[in-house]
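[1] please find the sequence and the predicted model below.
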Amino acid sequence: MIEIQHLENWLLSRGEPTERLLTEVKVQLDTDLKQKAQWQDKTYQIIKAYGRQQLREEVTAIEQKMLSAPKYRSFRERILSIFKK
């Protein structure tokens, strides 16, 4: 568990600089640890991409609601008038 925390701090640039430096050296010297770090980094990338996609979908849903619902007509007209200028 501590190893995972050290890798996480190193990958996310958190924690004490000396701890991160020590972890970096360990990763360079230990091939198993290097592979764990690569998998953990790949996992973070996937999670980040998924989060971005979720946010994109939420924004699109809000946009559709705001631009199509009759009760937001005046808001829609104000926004469109900004972009007509």
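    Done, it's in. Numbering: from 1, shown residues only.
[2] report the contact partners of Ala61.
    Residues counted as contacts of Ala61 (CB atoms under 8 Å, 6 or more residues apart in numbering): none. Heads up, the C-betas are built off the backbone N, CA and C, glycines and all.
[3] tell me which element it is part of?
    When secondary structure is defined using DSSP states H and E, the element that contains Ala61 is helix 31-68.
[4] what angle do the helix or strand following that helix and helix 31-68 make?
    Reading on from helix 31-68 to the C-terminus, the next helix or strand found by DSSP H and E is helix 73-84. Between helix 73-84 and helix 31-68, the angle comes out at 110 degrees (axes from the mean of the first three to the mean of the last three CA atoms, to 10 degrees).
[5] can you list the low-confidence ranges for the protein?
    Residues of the chain meeting the criterion pLDDT under 70: 85.
[6] rerun that using 90 as the cut-off
    Per-residue confidence for the chain (pLDDT under 90) gives these ranges: 1-3, 63-80, 83-85.
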